[in-house]
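**Q** Sequence first, then the predicted structure:
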Amino acid sequence: MEAIIQKAKVLIEALPYIQRFRGEIVVVKFGGSAMEEAEQTDSVLSDITFMECVGMRPVVVHGGGKAISRRMQKEGVETEFRHGIRITCKKTVDVVDNVLNEEINPGIVKGLTRHGARAKGLRGQDVFSVKRKQGVDADTGEKLDWGLVGVPEEVEVGEVDRLVKADVIPVISPLGIGSDGNVHNINADTAAGAIASALRAAKLVFLTDVPGLLRDPKDESSIISSLGMDEVDSLRGEGIIDGGMLPKVESGVGAMHAGVGKVHMIDGSMPHSLLLEIFTVKGVGTQIVME
């Protein structure tokens, strides 16, 4: 009997969060190892279905780096990274486009449908207009160019907005169209931040391969459960915000400046981590808040 009562307590704990975020948009960036294992993928998609069922309006932006690398290796296309970003030529972007829009995106839509949700895949190139990503190496001063890699300049959210209002979950690939008419690859974290900003989402959630932002990468108990935006620069200077966390935090902070309410970074491999983060008092990852 006690176990049954405990289940009711869990539902009651979730009630204020369900009430608060009913009708609100939550952007979920789905990627990393959670996309590689069928059981983990199923857990994430069931969580997203639950969110929609209780009145939230989830929007999914997905990655696909490992699947892209596998396809490129199979087709004999060389993969080269510069500062963690895939250098993308025309042949590479054709592979990326095919894997994201013809394999991963339909797979996510099918998974959501299997759980009882209504979902529709959207090609990123129908949503994002981009400029070519360029930069300068901080150490050498060398100009950096990654080829057909884009940074969102404009986001067309008309169809996304129409779908969420119709209780359909949009599933968006991280691709965009440049001014030259070419398809460009977009970092999925950056794409998720751009969508969240354009929609003024209540939440932006990044699924990662670690429990959250860690003070010590070797110690999972060193998780920073809550981070104020005013702390970001100092933690970046200390090297705590680095590597794969950097684009997530930068995209998240940019989204919050654009009106997004809160950003979360959670372990996508933990069963039902989305529900635990959003519908419980303690949460399970790192949240970025205004102060």
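**A** Thanks, I have it.

**Q** What pairs with the helix or strand bottoming out on mean pLDDT in the chain, parallel or antiparallel?
**A** In the chain, the helix or strand scored least confidently by mean pLDDT, DSSP states H and E is strand 81-82, which has a mean of 78. Here strand 81-82 is paired, per DSSP bridges, with strand 85-86 (antiparallel).

**Q** Buried residues, the next helix or strand after the partner strand. List them.
**A** Using DSSP states H and E, the helix or strand that follows strand 85-86 towards the C-terminus is helix 90-98. Of the residues in helix 90-98, 92-93, 95-97 count as buried by neighbour count, 16 or more other CB atoms under 10 Å. Every C-beta, even on glycine, is put in place using the N, C-alpha and C of the backbone.

**Q** Same question for stretch 96-113.
**A** The neighbour-count check on stretch 96-113 (16+ other CB under 10 Å) flags 96-97, 99-101, 104-105, 107-109, 111-112 as buried.

**Q** Just these: which are in helices?
**A** With helices defined by DSSP state H, the entries of the buried residues of stretch 96-113 inside them are 96-97, 105, 107-109, 111-112.

**Q** ok, and the closest non-adjacent residue to residue 103?
**A** residue 67 (6.6 Å; CB to CB, 6 or more residues apart in numbering).

**Q** whoops, residue 61 was the one
**A** For residue 61, the closest residue by CB to CB, 6+ apart turns out to be residue 192, at 4.1 Å.

**Q** contacting residues for the one you found?
**A** The neighbours of residue 192, taking CB atoms under 8 Å, 6 or more residues apart in numbering as the test, are 27-29, 61, 174, 204, 206, 251.

**Q** In JSON lines, list those along with neighbour count and pLDDT.
**A** Compiled in JSON lines, the contacts of residue 192 are given as follows (neighbours: other CB atoms under 10 Å; pLDDT from 0 to 100):
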{"residue": "27", "neighbour count": "30", "pLDDT": "98"}
{"residue": "28", "neighbour count": "29", "pLDDT": "97"}
{"residue": "29", "neighbour count": "29", "pLDDT": "96"}
{"residue": "61", "neighbour count": "29", "pLDDT": "98"}
{"residue": "174", "neighbour count": "28", "pLDDT": "97"}
{"residue": "204", "neighbour count": "32", "pLDDT": "97"}
{"residue": "206", "neighbour count": "31", "pLDDT": "94"}
{"residue": "251", "neighbour count": "25", "pLDDT": "90"}
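
**Q** And the residues you listed, which two are furthest apart?
**A** Within the contacts of residue 192, two members stand farthest from each other by CB to CB: 174 and 204, at 14.3 Å.

**Q** Switch the buried residues of helix 90-98 over to JSON lines; also include pLDDT.
**A** Formatted as JSON lines, the buried residues of helix 90-98 follow (pLDDT from 0 to 100):
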{"residue": "92", "pLDDT": "91"}
{"residue": "93", "pLDDT": "93"}
{"residue": "95", "pLDDT": "93"}
{"residue": "96", "pLDDT": "94"}
{"residue": "97", "pLDDT": "96"}
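
**Q** If we only consider those residues, which is nearest to residue 221?
**A** Distance from residue 221 was checked for each of those by CB to CB. The minimum falls on residue 96, at 37.1 Å.

**Q** I'd assumed residue 187 was in contact with that closest one.
**A** No - counting by CB atoms under 8 Å, residue 96 stays clear of residue 187, with 11.9 Å between them.

**Q** Contacts for the least confident helix or strand of the chain next, please.
**A** Strand 81-82 has contacts (CB under 8 Å, 6+ apart) with 87, 144, 146.

**Q** Equivalent analysis for stretch 63-74, please.
**A** Residues lying outside stretch 63-74 but in contact with it, judged by CB under 8 Å, 6+ apart, are 29-32, 35-36, 78-79, 86, 92, 95-96, 98-100, 103-104, 173-174, 188.

**Q** now do 6 Å
**A** Among residues not part of stretch 63-74, those counted as contacts by CB atoms under 6 Å, 6 or more residues apart in numbering are 31, 79, 95-96, 99-100, 104, 188.
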